[in-house]
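Novice: let me see the structure of the following:
(chains A and B)
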Amino acid sequence: MDGAISYNNYRRGYNKMASKNKKKEKSKTKDDYTFCSVCRKNHNDRREGHIFSKKHQTELKLILDKFNKKVHSARCLLQKPNIVDGDLEPGITVWCYSCQEEINKHISDGFTTVEWGGLLEHMTSESHHKKTRYYCWENGIKKSQMQNLIIYQAELDKFKELVAEKLDKLNANRNKRLKESAKEIEEVEEAQQKVVAETRVQKHFASSACASVSDKIQVTASKRGNIHTGATPPWLLNDDEDEEEEKDNHHGGICYKHPIGPSEDDFLHWRDQHGKGKRNPKRIGANFHSNLRKSGQLDADNPKWLPSYGGVWNAGPRSHTKMEFESKLYQSSQQTKEQTIPLVVQPYVSKRKRPYPES
Amino acid sequence: MAALLNRLSSKKEVDRVIKSTEDKVLVLRFGKESDSTCLKLDDILAKNQELVSNMAVIYTVDSESVPVYMQYFDIVMIPSTVFFFNGQHMKVDWGTADHTKFVGAFKNSQDFIDVVEVIYRGAMKGKFIVTSPLDRRNVQQFNLIYNDI
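Specialist: Alright, predicted model coming up:
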């Protein structure tokens, strides 16, 4: 019997549990869940309850830090826009967290690119303002932080003016460069044509005089002719003219007008310093050589120079040894009269073994 | 043996060597080539010069050619060996009264190599004074006689 009662009680309890669960299931319908784009999670908490949760706050901080970095670098260019030649980072996009869409990072027409222009323009748009305000409310972002994510029209207008100015300057520069290079090309062409005409005339004369053409051309070739004038190639010329100029730049038997790369001394110094990074910076005399080099004493001959030395009898800093020695030297040089001091020689007794002086 | 070692004959040369030796132990042997103990020491130095070349450079100095340094380093007994590292004098506790120099010849090559290694390691760790690795019985014992100190 006992077993039956307990079974009934159990059944009753089970039924109660089942009815409770049903109620809960009813209350949790699909509509009650909201998706948090920051946590990427569906939840049925109240908004206030969710946005102050630890997880949401940390996620939000990560996102804001990431986005603020980009916004900061874009904002830095508001005052002085950067315009680059060519298409900078083609097709690169930036994710706008509040609008949930990808936007172009730069503005480019294929020839010139305004750096961060895309993001700046997007941040000024009305839809971005609206969505950002909603996003900030939804996720509990402070107003002060929200201001950072928005750019006002006035700021953008100023930016556009600056961009226009800079573009004009760039174009002017480009035209100037083009003209210069065109001029150079024209000059070279003119010179070439002249040379070609001269050689034709020479050839004509040579053939009529039955002389060897190449000799004539070589004679008429200017001091520094080129391949068209048939000049002696530079590798066959004597170096007499240039020798004096290049005398200063002799380097291991090869002459360079402007030696390429670092000099031998620079390289040797670099090689010496290269392995030093791993050495203990607190080793004895770590700065000794750099200090000497700075003060210019490394190679200088100073007859009075003495190294640091901890004297036999000296207690205290080593510099005292040097100072005492120098003062002794000075005294001995001052005393021209040699005094004969009677030498009393005693064995050395360590300080500990010495008897106490009677006081 | 001294012919195999680099010799310095003036204060200027000693100065230059002390200034220019970088991150290596500088071994300066003060002595006379005519002295027999000195010859023994020179023999050990010359034989091990190549072995310790990564840690040390060795020079011999004639004791009569640099009176200033003889006075400055208080050298009264030859041969005396003084150690430097990056222009700084290195003291070694030999168990004798004088920590500033090694007096006499090393007993064998290994003793010298050990000393150089201990000094090099100590200096690299920033120590101005190191303890000698030698057996006290192999170090010449002496008393210092002082006057007017």
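
Novice: next, count neighbours for whichever residue of the stretch 251-359 of chain A sits closest to chain B.
Specialist: For the stretch 251-359 of chain A, the residue closest to chain B is A:Gly285, as judged by CB to the nearest CB, at 2.6 Å. For every residue, glycine as well, the C-beta is placed using N, CA and C. Per other CB atoms under 10 Å in any protein chain shown, the neighbour tally for A:Gly285 reads 22.

Novice: and if you look at B:Asn143?
Specialist: B:Asn143: 12 surrounding residues under other CB under 10 Å.

Novice: how close does it get to chain A?
Specialist: According to CB to the nearest CB, to the nearest Å, B:Asn143 and chain A sit 5 Å apart.

Novice: got the contact list for that residue?
Specialist: A:347-348, B:97 (CB atoms under 8 Å, 6 or more residues apart in numbering or on different chains).

Novice: any of these buried? List them.
Specialist: Taking 16 or more other CB atoms under 10 Å in any protein chain shown as the criterion, what is buried in the contacts of B:Asn143 is B:Ala97.

Novice: and of the contacts of B:Asn143, the nearest to A:Ser319?
Specialist: B:Ala97 (22.7 Å; CB to CB).

Novice: apart from its chain neighbours, what residue comes closest to that closest one?
Specialist: B:Leu144 (4.5 Å; CB to CB, 6 or more residues apart in numbering or on different chains).

Novice: cool, and A:Ser350?
Specialist: B:Ala97 (7.3 Å).

Novice: B:Arg121 too?
Specialist: B:Val130 (7.9 Å).

Novice: okay, and the beta partners of the one you found?
Specialist: B:Val92 (DSSP bridges).

Novice: that one touches B:Met90, doesn't it?
Specialist: Yes - between B:Val130 and B:Met90 there is a contact under CB atoms under 8 Å: 7.0 Å.

Novice: more crowded one of those two?
Specialist: Neighbour count, other CB under 10 Å: between B:Val130 and B:Met90, B:Met90 has more, with 25 against 20.

Novice: not counting its neighbours along the chain, what's nearest the more buried one?
Specialist: Nearest one to B:Met90, counting by CB to CB, 6+ apart, is B:Phe83 at 4.3 Å.

Novice: using PDB, list the CA coordinates for the strand or helix carrying A:Glu324.
Specialist: If you go by DSSP states H and E, A:Glu324 is part of helix A:318-334. Only the C-alpha atoms of helix A:318-334 are listed here, as PDB (Å, rounded to 0.1, in the frame of the first residue of the first chain):
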ATOM      1  CA  ARG A 318      89.100  53.800  -7.200                       C
ATOM      2  CA  SER A 319      89.200  57.400  -8.400                       C
ATOM      3  CA  HIS A 320      90.900  58.200  -5.100                       C
ATOM      4  CA  THR A 321      93.800  56.100  -6.100                       C
ATOM      5  CA  LYS A 322      94.300  58.200  -9.200                       C
ATOM      6  CA  MET A 323      93.800  61.500  -7.400                       C
ATOM      7  CA  GLU A 324      96.300  60.600  -4.700                       C
ATOM      8  CA  PHE A 325      98.900  59.400  -7.200                       C
ATOM      9  CA  GLU A 326      98.500  62.600  -9.200                       C
ATOM     10  CA  SER A 327      98.800  64.800  -6.200                       C
ATOM     11  CA  LYS A 328     102.000  62.800  -5.200                       C
ATOM     12  CA  LEU A 329     103.400  63.300  -8.600                       C
ATOM     13  CA  TYR A 330     102.600  67.000  -8.400                       C
ATOM     14  CA  GLN A 331     104.300  67.200  -5.000                       C
ATOM     15  CA  SER A 332     107.400  65.400  -6.100                       C
ATOM     16  CA  SER A 333     107.700  67.700  -9.100                       C
ATOM     17  CA  GLN A 334     107.300  70.700  -6.800                       C
END
